[in-house]
Each structure stands twice: as structure tokens, then as C-alpha cells.
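>>> Test case, fold it:
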Amino acid sequence: MSLRKKESQEFGSMGRALGISDTGLLLPRESAPVIDPNEPLDKLLLNKRFRQSFMAFADSCLAGESVHFYEEAHELNKIPVDDSVRRVYMARHIIDKYIVAGATKEVNISHRSRQEILTTSDLAHPDLFKNALNELVQLMKMNLAKDYWSSMFFLQFKESNTRTIDHELEQPAVWNFSL
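As a prediction, the model looks like this:
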């Protein structure tokens with residue numbers, strides 16, 4: 001493969017470009033677990049299929065940037081803490097896309113959280129986006145979750161989930177979203 005061909009290769013996400021597996025841990029199951037709307041949203045978002053359905057719903061409401069940010073921060077968490085080079089590249093990507101003022105998918109976080117991220121001296125720190133994630137999960141709970149459960153997106157997800165024999169589970173994030 002020529003160098004030129006390698007440079008023009010496109011990836012679906014920054015995590016994939018950095019070689020992060022998006023498959024998670026595959027565990028064969030008799031039937032897919034039932035998604036319970038009473039479960040905490042941060043726990044439900046760990047389920048990749050649920051997260052994709054919730055993201056499609058949020059995008060349809062023109063409010064998807066929070067879920068996209070969550071997804072990319074989740075991918076960042078898959079990079080080992082001792083791999084600071086890839087962590088810094090991923091963190092810079094997330095900051096440029098979601099945190100800086102006027103970013104293409106700027107998220108609605110407090111000035112304090114935004115400044116903590118923008119002024120940090122350690123872009124590889126495992127808790128770099130923790131406060132922003134806490135705020136965004138709370139916003140998603142208040143502004144999106146209730147409507148999602150009565151949406152066609154949830155009905156389609158529920159239907160496809162019952163047909164699934166193998167279910168993907170991902171490693172849990174290290175962040176605690178409870179306030």
C-alpha cells in the first residue's frame with residue numbers, strides 16, 4: 001500500500017483512527033437483556049446498541065452533541081492510561097469538536113467545566129472530561145430521556161433487541177456520574 005493511499009484513508013470516528021476497538025466484549029447470550037427505563041441513564045449508555053439508538057433520537061431532536069461527546073469520551077476511556085500519546089490526540093480531537101467556543105458540536109456545559117478542560121496541563125488525565133460528562137448526563141436525563149421512551153427510536157430498538165441472540169457489552173467507564 002502506498003503512503004498516499006494510507007493518508008487518504010477515512011475512519012468513522014477518531015477512536016477508530018487511533019485503533020480503539022469499537023466491538024467491546026462479546027458475550028453470547030440466550031436472549032438480549034431487557035432495557036429498563038428505570039435504570040440510570042449512565043448505566044444504559046454503556047450498552048452500545050442502546051447508545052446508538054439514543055444518539056439517533058437525540059440527533060433527530062437536534063440535540064445529539066451531548067451523546068456524541070459521551071461516545072467519544074467513552075472511546076477515550078478505552079485507551080490505556082499509560083498510552084499518553086494516543087490519549088492526548090484523542091483529547092485534543094474531543095476538545096476541538098465539542099469544547100472550544102464555536103466548535104462544530106459544541107456541548108452545553110458550565111463555564112467552570114469548560115475552563116477546567118481548556119486550561120489543563122495534562123490532556124492525558126483519565127478524569128479530564130469527568131465534570132463535563134456529569135453535567136451532560138444530567139442534561140440528557142432532563143431533556144431527552146423521557147421523550148426517548150415514547151419515541152419510535154425506542155420501539156425500533158426494543159424490536160431489534162428482542163431478535164438479537166448475541167449482545168455486545170462494553171467495559172464499564174471509570175467515571176461515576178452520580179452527583
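
>>> Taking the centroid of the chain, which residue is nearest it?
E71 (1.3 Å; Cα atoms, centre = their mean).

>>> can you pull the contacts of that one?
13, 51, 55 (Cβ atoms under 8 Å, 6 or more residues apart in numbering). The way it works is simple: take the backbone N, C-alpha and C, and place the C-beta from them, glycine included.

>>> Correct me if wrong, but the last one is in a helix.
This points to M55. Yes: using DSSP: H, G, I helix; E, B strand; the rest coil, the assignment for M55 is a helix.

>>> ok, and the closest non-adjacent residue to it?
Excluding the flanking residues, the one nearest M55 by Cβ to Cβ, 6 or more residues apart in numbering is V67, at 4.2 Å.

>>> what's the answer for the first one, then?
Closest residue in space to S13, ignoring its immediate chain neighbours: E75 at 6.5 Å, by Cβ to Cβ, 6+ apart.

>>> For that neighbour, pull up the helix or strand it's in.
Taking DSSP states H and E as the definition, one finds E75 inside helix 65-78.

>>> in that helix, what counts as buried?
65-78 (16 or more other Cβ atoms under 10 Å).

>>> One more: stretch 90-104?
So for stretch 90-104, counting by 16+ other Cβ under 10 Å, buried means 90-91, 93-95, 97-99.
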